[in-house]
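> Fold the following, please.
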Amino acid sequence: MSNVKNIEIQKFAIPAYLTYAMKTVLDRAIPDIEDGLKPVQRRVLYAMHKLKLHAGAKPVKSARVVGDTIGKYHPHGDSSVYEAMVRMSQKWNMRYPLVDGEGNFGSRDGDDAAAMRYTEARLTPIAAALLDEINSDTVDFQPNYDNVETEPTLLPARLPFMLLNGGFGLAVGMQTNFVSHNVKEVVEACKIVLTNKKATLDDVLAVMPGPDLATGAKIISSAAEIKKVYAEGKGPLRVRGTWHFEQVGKKDWRMVITELPPETSISKMMEQIEELVNPTPKEKNKKKLPLTAEQVRLKKMFGDMIDEVNDGRDKNNPFSIIVTPKKNTDKDVLAMSLCTYTGLESNLNPNFVFVDLNGNPRRGNLMDWLNQWCNNRIVTFRRRLSYEKKIIDHRLHILAGRLSILDRIEEVIKVLKKSDEPKQDLMKHFGLDEIQAEDVLEM
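Next comes the predicted model:
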């Protein structure tokens, strides 16, 4: 046993755990700055691209997409792959969905999607901004897990999807939470950064004043608070749902809630209101305790204001909660009370952690993020132009060879008829190189 060495467990455990932590961060939890995707999302989209499931194509069973993904690129459980695919189709989770799903892809109330054998999917039009340039040598490819296929290390995103769709990830000691933004505002912000090396955060905020959430809820934090979050790369933002008041008859009215903050659903909101109006007694040793003073206070306050609460969703109103008040209830008091004690208003905590251009996970502020993404976009664009130039140069080279023999066609035919090695004789008699001679032979 001479090859056995005794070492302190601390010296072994620390580097081993760091290796595991970095693997988890890079391969599962934290998206890359270039395309804003995690590996499983990137592999699903690439598998759909290879299946030619572009916008307008006939959708196929989700099980086929999942099968191709785990069989060629992502050797993990099919449930995790399908969950990632489902999430990319849900409008309440992604500001600009990348997958167009047909069938039951879940609901905002937390209902699960139907099994993958029952649903179908294809890419959405905006997904083309991630994939269109992939065949133009814009990104590097690497062998897949069994060295049979190749897969892109990144997708050549023409838009900064991490800002467009946001995203959440939790890994060993790291958490990311990007919020979504409006595509027109983000594009204008990128233009400013690309054309002005001295652009400041104020310049960007002039065209992109704040997040634009997928649920339609409003950011009610002040401009100074939003700027602080962007400047530091983290911080709290206050989010409020939207509502309006409808007149019912001549004297009565009702409150119609049309949007809620992220992570809040209609069923959850209605449960919160029901708990305020009819609180559940706490239990101790399997015995119900009397209501607390706070429960009694809130029961009276909301009991005096709210008559009933109904789910108002129908074909014309896909998202609606109807709150019917009691007589003499003040509209503003009811709305602000619901904001205070329910999920009608909540906190959002952005945390701009991403994998940077050097492959290192870290936090950065908005300007740091935009500058890095724009620099990567310049590199990607130049790679595409270089690829297109090679194609044009190759075509011009072929045409130059054809032009050199255009007036000597009969001589070419004579050489070919007599030659045992036509390619070599074409190169010798007419000054063509191998590529040009091969083209002449093909004609």
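> number of nearby residues for the closest residue to residue 282 other than its chain neighbours?
Nearest non-adjacent residue to residue 282, counting by Cβ to Cβ, 6 or more residues apart in numbering: residue 289, 4.9 Å away. C-beta: built from backbone N, CA, C; applies to glycine. Residue 289 has 10 neighbours, counted by other Cβ atoms under 10 Å.
> now swap in residue 376 and tell me
Residue 376 has 20 nearby residues by other Cβ under 10 Å.
> so it sits in a strand?
No - applying DSSP: H, G, I helix; E, B strand; the rest coil, one finds residue 376 to be helix, outside a strand.
> quick one: pLDDT of the spatially closest residue to it that is not a sequence neighbour?
Leaving out its chain neighbours, the residue that sits closest to residue 376 by Cβ to Cβ, 6+ apart is residue 34, at 5.0 Å. Looking at residue 34, its pLDDT stands at 92.
> What of the one 5 residues further on?
Per-residue confidence for residue 39 comes out at a pLDDT of 91.
> again with residue 1
The model's pLDDT for residue 1 equals 51.
> same check, this time on the one 5 residues further on
In the prediction, the pLDDT value recorded for residue 6 is 81.
> what's the burial count for residue 414?
12.
> isn't there a strand covering it?
No - if the criterion is three-state DSSP, then residue 414 is helix and not within a strand.
> ok, the residue nearest to residue 376 touching residue 359?
No - applying Cβ atoms under 8 Å, one finds residue 34 not in contact with residue 359, separated by 10.7 Å.
> got a list of what the residue nearest the centre of the chain touches?
When Cα atoms, centre = their mean is applied to the chain, the residue found nearest the centroid is residue 165 (4.6 Å). Going by Cβ atoms under 8 Å, 6 or more residues apart in numbering, residue 165 touches 36, 94, 95, 96, 98, 180, 214.
> For those, give me a markdown table that also has secondary structure.
Below are the contacts of residue 165 laid out as a markdown table (three-state DSSP):
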| residue | secondary structure |
| --- | --- |
| 36 | coil |
| 94 | coil |
| 95 | coil |
| 96 | coil |
| 98 | coil |
| 180 | coil |
| 214 | coil |
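> follow-up on the earlier one: who are the contact partners of the residue nearest to residue 282?
By Cβ under 8 Å, 6+ apart, the contact list for residue 289 reads 281, 282, 283.
> Check the residues you listed against residue 406 and report the nearest one.
For the contacts of residue 289, the closest approach to residue 406 (Cβ to Cβ) belongs to residue 282, at 94.5 Å.
> Report the contact partners of that closest one.
Shown in contact with residue 282 (Cβ under 8 Å, 6+ apart): 288, 289, 292.
> What are the phi and psi values at the second one?
If I follow you right, that is residue 289. phi -90, psi 160 (degrees, to the nearest 10).
> now it: how far from residue 281?
According to Cβ to Cβ, to the nearest Å, residue 289 and residue 281 sit 6 Å apart.
> again with residue 216
From residue 216 to residue 281 the distance is 36 Å (Cβ to Cβ).
> Format the contacts of residue 282 as a markdown table; extra columns: pLDDT and distance to residue 196.
Shown next, in a markdown table, are the contacts of residue 282 (pLDDT from 0 to 100; distance: Cβ to Cβ, whole Å):
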| residue | pLDDT | distance to residue 196 |
| --- | --- | --- |
| 288 | 84 | 66 |
| 289 | 85 | 64 |
| 292 | 90 | 58 |
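> quick one: what helix or strand has the residue nearest to residue 376 in it?
If you go by DSSP states H and E, residue 34 is not part of any helix or strand.
> Count residues in the vicinity of it, would you?
Residues within reach of residue 34, counting by other Cβ under 10 Å, total 25.
> dump the residue contacts of residue 297.
Contacts of residue 297 by Cβ under 8 Å, 6+ apart: none found.
> tell me, how many neighbours does residue 403 end up with?
9.
> and it, that one's in a helix?
Yes - counting by three-state DSSP, one finds residue 403 located in a helix.
> what's the pLDDT at the nearest residue to residue 108 once chain neighbours are set aside?
Nearest in space to residue 108, with sequence neighbours left out and distances taken as Cβ to Cβ, 6+ apart, is residue 92 at 4.5 Å. Per-residue pLDDT puts residue 92 at 90.
> switch to numbering from 15
In the new numbering, first residue 15, that becomes residue 106.
> On the three-state scheme, residue 106 is what?
Residue 106 ends up coil, using three-state DSSP.
> Tell me how far it lies from residue 413.
Distance from residue 106 to residue 413, by Cβ to Cβ: 54 Å.
> so which of the contacts of residue 303 comes closest to residue 418?
When these are ranked by distance to residue 418 (Cβ to Cβ), residue 296 comes first, at 93.3 Å.
> gap between the closest one and residue 284?
Using Cβ to Cβ, we find residue 296 at a distance of 21 Å from residue 284.
> what does residue 110 give?
29 Å.
> Check residue 97 too.
Counting by Cβ to Cβ - residue 97 and residue 284 are separated by 26 Å.
> what's downstream of the helix or strand of the chain with the lowest mean pLDDT, the next helix or strand?
Every helix and strand of the chain was ranked by mean pLDDT, DSSP states H and E. The lowest is helix 23-38, at a mean of 73. Once helix 23-38 ends, the next helix or strand along the chain (criterion: DSSP H and E) is helix 53-64.
> So which elements touch that next one?
In terms of contacts (3 or more Cβ pairs under 8 Å, 6 or more residues apart in numbering; DSSP states H and E), helix 53-64 is packed against helix 76-86, helix 92-101, strand 113-116, strand 134-137, helix 142-145, strand 164-166.
> Can you check what angle separates it from helix 92-101?
On the basis of axes from the mean of the first three to the mean of the last three Cα atoms, to 10 degrees, helix 53-64 is oriented at 70 degrees to helix 92-101.
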